[in-house]
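>>> Just the structure for this:
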Amino acid sequence: MTLHGSGEHMPEGAVKGEGLFIDHVIYGVVDIDAAAKRLREEYGLGSVQGAMHLGGTSNRIVPLGPECFLELLGIEDTSKDDGAWLEATLQGRDRVLWWCLGVDDLDDSAARRGLPIHVGQARTGDRDELNFRTAGMPRYPLPFFLSLINDRETRHRVQKQRYEAAAHTCAPTGFTFVEVGDYEAVMEGWLGPNHGLPVRYAPGTGSGIHACGIATANGEIILR
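Presented below is the predicted three-dimensional model:
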């Protein structure tokens, strides 16, 4: 047995890593247009329209590279369940809300945690649809897991198109860290051994994610 991405043999009894990476961080916002404008004016981060949501929320995508993005999740219709949940959760304040992990093998990752798998679809324009599977979304605020059904080349093409359309002025390249609050033991148990993720812990700040860092040509951006 070898480590993911290497030719080195694992020690006897070690558990193979899952190839986890930060697929996207969700930034919950009260007014999505105002938030998109603020991110551009303050940090040079552009965004593009995301896929249609049916549950009372809307979204915009801040592409950060071929494999990751920041998702702006906005309140759209509070008469619907998702919109009402987001309004109650944000309590009038934009904030980093949740995060999603890409994995090598979603079936394996879900089985390790006893999670069911769900299938979804996102239309990214007239031409492309991204089909995906997820596990663990009902376990908020723990991060959930995702894998694409499409080939990786399709995603890279979509992300390149999004990146160019966003017209950033800061040249972002990806996430540098995520900060989470209490229950470090619970989080580490959820992520599993050898996860290799840039996780920081801030005891006393409550459960779930509280901040993330984004690498850019102009320096690190920190969102809370």
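>>> contacting residues for Leu106?
117, 133-135, 145-147 (Cβ atoms under 8 Å, 6 or more residues apart in numbering). Just so you know, the C-beta spots here come from the backbone N, C-alpha and C atoms, and that holds for glycine as well.
>>> Could you single out the nearest of those to Leu72?
Leu146 (17.7 Å; Cβ to Cβ).
>>> The closest one - that's part of a helix, no?
No. Under DSSP: H, G, I helix; E, B strand; the rest coil, Leu146 sits outside any helix and is assigned strand.
>>> Quick check: Lys160 touching Pro66?
Yes. The pair Lys160 / Pro66 is scored as a contact, 7.0 Å apart, by Cβ atoms under 8 Å.
>>> Same drill for these two, tell me which one is more crowded.
The neighbour count for Lys160 versus Pro66, taken as other Cβ atoms under 10 Å, is higher for Pro66 (16 against 13).
>>> quick one: the more buried one and Gln161 touch, right?
No. The criterion here is Cβ under 8 Å, and Pro66 misses it with Gln161 at 11.2 Å.
>>> So which residues of the protein form strands?
21-29, 48-49, 57-65, 68-75, 95-102, 118-123, 129-135, 144-148, 174-180, 199-201, 209-215, 221-223 (DSSP state E).
>>> nearest to Glu188, of these?
strand 199-201 (8.4 Å).
>>> Residues contacting that closest one, please?
177-181, 184, 187, 191.
>>> Quick one: distance of that strand to the chain centre.
Distance, stretch centre to chain centre, for strand 199-201: 16 Å (Cα atoms, centre = their mean, to the nearest Å).
>>> List the strands paired with that strand, with their directions.
Strand 199-201 sits in its sheet next to strand 174-180 (parallel), going by DSSP bridges.
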